[in-house]
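> coordinates only, sequence not included:
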């Protein structure tokens, strides 16, 4: 029987993979994809909690929809910014973006 | 439930859309009108908020609140937006024919901050937060010809999205342990449970980590100096003043209204974060040679001081948070306005560009010095009164060591603040007069008046903060 714990473990694993991607990937587009993975892990959490703990309300599903919409806006801006920086450096590799330094 | 109390929010949306549309309809010459329109509209909305200040209402089963606490921060955000619009008229020439969009996105960022300060539900909090940050991603990268600006925008986007994902994960854990996202219901649900849940603690810690990123607390501050340096200066000023105040407003509301301290005493966590932030921010600022970067580290340190009030978690400390957030608007916008003027004139923002400013533009040098002294907390200026509230709050709650660290580090900060003044007054200049446009002069004088008046006569603002805080008790 698959229960809440399984979903939460799945969500946490996906979240961890997402963080790994953000930290380890060099391609800016791949980093954006890893962030999407993290947001979708959160969505799994919300929907699973909604289903198993409070099935009478759809609050968690509602939150998941908001997250999806906001993530879409974020990716639109993100891709535009990658295009804009590509015009300057001719690269989408994060290691080439080094004009600003500590 | 009277929807007319939502008028400021609705008018702000309308103003943003009108400014955007006017820029599209009237190309070229029309750009000149959008700035004054945005300023007049913001001023009108500010007047409306002040007029409705005492009213209270809950909308949609408590997920959105209009109360004096939210109104205090609305006044703060709208005055900050107004000052920044006024100071940046000359800077916007760098944006070419994209000025109306800039005004419009700034207005939407303001709306996001207002929603954060008035939210009564975690979903609304998240939407407001993202409205603000996505607007700031665009604004940071607004200088299309400058590679540094694009880089700042992309860095902010990646780190900002990462932090909101962490925060959302925390929210999902809080939702799992309380079964709701509405603050008032959450408090009851969590109060009813007696056992301390590790899930809830993890959720609260991740939520605080997400906020700490927005506020730029050490160890979540690495983005701030890069973005502050790369972004256009008016945007940096708004980022430093507005987005921080909005995050503090929302954090205070969540911690006080939604999360009872029976499970997890978060004050020690905040106190440690505050101490590390104050020490690291001030020490790294000592080594900076670029004024924008120096102001970035100084604003990290300032956020640490404000967090002291939150960690104190008593009436004095909370009052200090509101008081300091308001005076910080005047002092910091003043400093950034001078930086923006110097930067448009010389094209640089390093310390050498400020050399001999006192001879070229005595008023700018004087205002910069007074704002810096206020940030350092020297008595006749506003910063002293704010720090007095914050640190006495900390001492009352037994965080004597924290107040001590704050005092020592304030003394250290005087060095790098006065170093800028030293360069301005003693350095050599090329004797080129630096012109100040009339409207920027007005903004600068307002910042000066705010910094001095609040410092000499802090009582009105302190009462204003007291009224705002009544809602939380």
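Nice, I can see it. Here the structure is a predicted model, which means the values were calculated and not measured.

> and the stretch 151-300 of chain B, which residues reach chain A?
Where proximity means Cβ under 8 Å from any Cβ of the partner chain, the interface of the stretch 151-300 of chain B facing chain A comprises B:151-155, B:157-158, B:161-162, B:165-166, B:168-169, B:171-173, B:175-176, B:179-181, B:222, B:225-226, B:229-230. Bear in mind the C-beta positions are built from the backbone N, C-alpha and C, glycine included.

> Filter these down to just the ones in helices.
B:151-155, B:157-158, B:161-162, B:165-166, B:168-169, B:171-173, B:175-176, B:225-226, B:229-230 (DSSP state H).

> Tell me which stretches of chain B form strands.
Defined through DSSP state E, the strands belonging to chain B, from first to last, are B:57-59, B:64-66.

> In this structure residue B:332 contacts residue B:240, no?
Yes: taking contact to mean Cβ atoms under 8 Å, the distance of 5.7 Å between residue B:332 and residue B:240 places them in contact.

> Which pLDDT value belongs to the closest residue to chain A within the stretch 351-473 of chain B?
Minimum separation of the stretch 351-473 of chain B from chain A (Cβ to the nearest Cβ) falls at residue B:416, amounting to 16.6 Å. The predicted local confidence for residue B:416 comes out at a pLDDT of 93.

> just the one 10 residues further on next, same as before
At residue B:426 the predicted local distance difference test score is 89.

> go on, the one 3 residues further on?
pLDDT, the model's per-residue confidence, is 75 for residue B:429.

> cool, and residue B:29?
At residue B:29 the predicted local confidence, pLDDT, stands at 67.

> With the one 4 residues further on instead?
According to the predicted model, the pLDDT of residue B:33 comes to 84.

> Burial check on the residue of the stretch 351-473 of chain B closest to chain A, number of neighbours?
As a burial measure, the neighbour count of residue B:416 was computed by other Cβ atoms under 10 Å in any protein chain shown and equals 21.

> For it, list the residues it contacts.
B:282, B:285, B:286, B:288, B:294, B:298 (Cβ atoms under 8 Å, 6 or more residues apart in numbering or on different chains).

> And the second one, how close does it get to chain A?
I take that to be residue B:285. Between residue B:285 and chain A the computed distance is 13 Å (Cβ to the nearest Cβ, to the nearest Å).

> returning to what we had before: narrow the residues of the stretch 151-300 of chain B next to chain A to those that are buried.
Applying 16 or more other Cβ atoms under 10 Å in any protein chain shown to these, the neighbour count classes B:151-155, B:157-158, B:161-162, B:165-166, B:168-169, B:171-173, B:175-176, B:179-181, B:225-226, B:229-230 as buried.

> which residues of the stretch 201-350 of chain B score low on pLDDT?
By pLDDT under 70, the weakly predicted segments of the stretch 201-350 of chain B are B:262-263.

> List the contacts of the spatially closest residue to residue B:62 that is not a sequence neighbour.
Spatial nearest neighbour of residue B:62, excluding adjacent residues (Cβ to Cβ, 6 or more residues apart in numbering or on different chains): residue B:120 at 4.8 Å. With contacts defined as Cβ under 8 Å, 6+ apart, the neighbours of residue B:120 are B:58, B:62, B:63, B:64, B:65, B:182, B:183, B:184, B:257.

> Taking those residues together, which two end up most distant?
Largest separation among the contacts of residue B:120 by Cβ to Cβ: B:64 and B:257, giving 13.4 Å.
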